[in-house]
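Peer 1: Give me a model of this one.
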Amino acid sequence: MSFLDPTWTGLLYLVAAALFILALMGLNSPRTARRGNLVGAAGAALGVVTVFLSARLDNIPWILAAIAVGTAVAAPVARRVKMTQMPQLVAAFNGVGGGAAALVALLELAHTGDAWVRLAIAFTLLVGAVSFAGSAITFAKLQELMTTRPVVFRGLPVIMAAVLLAAVGAAVAVVLTGSLPLALALLVLGLAAGVLLVLPVGGADVPIVISLLNAFTGLAVAASGLVLGNVLLLVAGTLVGASGTILTRAMAAAMGRSVAGILFGAFRGGSTAGSTAVSERPVRSSSAEDVAVLLGYAQRVIIVPGYGLAVAQGQHTAAELAKALQLRGIQVDFAIHPVAGRMPGHMNVLLAEANVPYEELKEMTEINSEFKTADVALVVGANDVVNPAAKTSSGSPIFGMPILEVADARQVVFLKRSMRPGFAGIENELLYEPQTTLLFGDAKDSLTKVLGAVKAL
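Peer 2: The predicted structure follows:
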């Protein structure tokens, strides 16, 4: 039984689509991101309610049970996930979305004889399966369930090409015949393609592939909207596909790489995952008290946060240190690289959580020219985004990546747990420069000691 006529259904879908667009606009800024998420959630809830009121649904108890189970699993996971594990969560949710779209398309194959609908089904099966399998591999890499380095073996390009050609052939056969066995074969080929696509990606390229797979999921959902004749799914999927594509290109630009180079760079040695060897060259290390003296008697301090800060959950201590320095009349800013952490906006969200004023968060293009005026650049858990090799070493995996010009500061202080390389797996020559001092230890513990020493000055 339907409670809404088509006019009201279309109007409510229009409102939900508008809410999705407003949500994306809200996500443009940390100030409005929380509100944007709530607006997007409201749009999704409105869409679900509209389906229940306008469609003739069978098996409603099973549908409600599935919603209950999904809510019971997803809500606690989303609330408890650590900030450092947010990319893994995005990968998992994204993969589930692609897989769901593929399964819906598979079930709908038996209910249509239209070739155009079958084309949409074949597209959804292939792209949704690629997104599901690829997201599973990126999750495993980021969670360190498998190596984060590129996995390349002899004949991989040939196997990839063969799988893709077979998938295209199976898709054409599904469109022409509507065969369920061929559709299942296409699904399996899509899963294989997703695995083979992501295996050669490693290092700092992995989060970018998550964004690309997110765009794939959006396209799969949009195609499933065509399969089901649901306008809202079509609009929502298109928005996700477009925004995921834009984000992928922005992240690739921030890394100074092309999307093709990210996906296939390992075949020619161009991945951002370099050697994991640790150099035995001497470095200059210091104590928290000495670092406090450097900071406490500076006029300008720029703090560069990175993934290590997120791992240590030291954002609140970093914010308190900044306030303590400001009380001494010192100008303090935070320099934010577009891909610092594991995802764009990672550091912005982390520092916003610690109530750091937005005006103190300076993007790379804004802050780079100001490092020359900084007495001290305090690098907390960052490595690759300040590595001069991106500018000076043509053989480096990160060569060409725009970096924060930390080396221009008069003094550089690195807070590091060890000399282990960053996510890209390469050494940072800045660690061995005469103006650089290292303070070893957990970032939060080191910041706490420095903060205490600054207050004691």
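Peer 1: got a list of what the closest residue in space to Leu184 that isn't next to it in sequence touches?
Peer 2: Nearest residue to Leu184, sequence neighbours excluded (CB to CB, 6 or more residues apart in numbering): Leu106, at 7.6 Å. Where C-beta positions appear, they are placed from N, C-alpha and C, glycine not excepted. Contact analysis of Leu106 by CB atoms under 8 Å, 6 or more residues apart in numbering lists 121, 125, 183-184, 187.
Peer 1: Now for these: which two are most distant?
Peer 2: Across the contacts of Leu106, the two members that end up farthest from each other (CB to CB) are Ile121 and Leu184, 12.4 Å apart.
Peer 1: Those two - which one has more neighbours?
Peer 2: Using other CB atoms under 10 Å as the criterion, Ile121 and Leu184 rank with Ile121 on top: 29 against 15.
Peer 1: if you skip the residues just before and after it, what's nearest to the more buried one?
Peer 2: Ile121's closest residue in space is Ala105 (CB to CB, 6+ apart), at 4.5 Å.
Peer 1: what's the distance between that neighbour and Leu126?
Peer 2: Distance of Ala105 to Leu126, given as CB to CB, to the nearest Å: 9 Å.
Peer 1: Point out where the chain drops to low pLDDT.
Peer 2: Low-confidence segments of the chain, defined by pLDDT under 70, span residues 1-2, 203-204, 255-257, 265-281, 394-397, 421-425.
Peer 1: Report how many residues lie close to Leu182.
Peer 2: 20.
Peer 1: packing partners for the strand or helix carrying it?
Peer 2: Using DSSP states H and E, Leu182 sits in helix 180-198. Contact partners of helix 180-198 among helices and strands, from 3 or more CB pairs under 8 Å, 6 or more residues apart in numbering; DSSP states H and E: helix 86-108, helix 115-142, helix 156-177, helix 206-228.
Peer 1: For Arg328, which of the ones you listed is the nearest?
Peer 2: Of the helices and strands packed on helix 180-198, nearest to Arg328 by CB to CB is helix 86-108, at 34.2 Å.
Peer 1: Please put the alpha-carbon coordinates of stretch 147-164 into CSV.
Peer 2: Provided in CSV are the C-alpha atoms of stretch 147-164 (Å, rounded to 0.1, in the frame of the first residue of the first chain):
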residue,chain,number,x,y,z
THR,A,147,51.9,-4.7,3.9
THR,A,148,51.4,-1.1,3.1
ARG,A,149,54.0,-1.3,0.4
PRO,A,150,53.1,-1.9,-3.3
VAL,A,151,52.5,-5.6,-4.1
VAL,A,152,53.8,-6.2,-7.6
PHE,A,153,54.7,-9.5,-9.3
ARG,A,154,55.8,-10.6,-12.7
GLY,A,155,52.9,-10.6,-15.2
LEU,A,156,50.6,-8.4,-13.1
PRO,A,157,49.9,-5.9,-15.9
VAL,A,158,49.0,-8.7,-18.3
ILE,A,159,46.7,-10.3,-15.7
MET,A,160,45.0,-7.0,-15.0
ALA,A,161,44.5,-6.4,-18.7
ALA,A,162,43.1,-9.9,-19.2
VAL,A,163,40.7,-9.6,-16.2
LEU,A,164,39.4,-6.2,-17.5
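Peer 1: quick one: contacts for Ser179?
Peer 2: Ser179 neighbours (CB under 8 Å, 6+ apart): Ala173.
Peer 1: Pick out the residue nearest the middle of the protein.
Peer 2: Met343 (3.7 Å; CA atoms, centre = their mean).
Peer 1: any idea how far it lies from Ala220?
Peer 2: 21 Å.
Peer 1: cool, Val198 as well?
Peer 2: Taking CB to CB as the measure, Val198 falls 16 Å from Ala220.
Peer 1: out of the two, which sits in the busier spot?
Peer 2: Per other CB under 10 Å, whichever of Val198 and Ala220 has more neighbours is Ala220, with 32 against 29.
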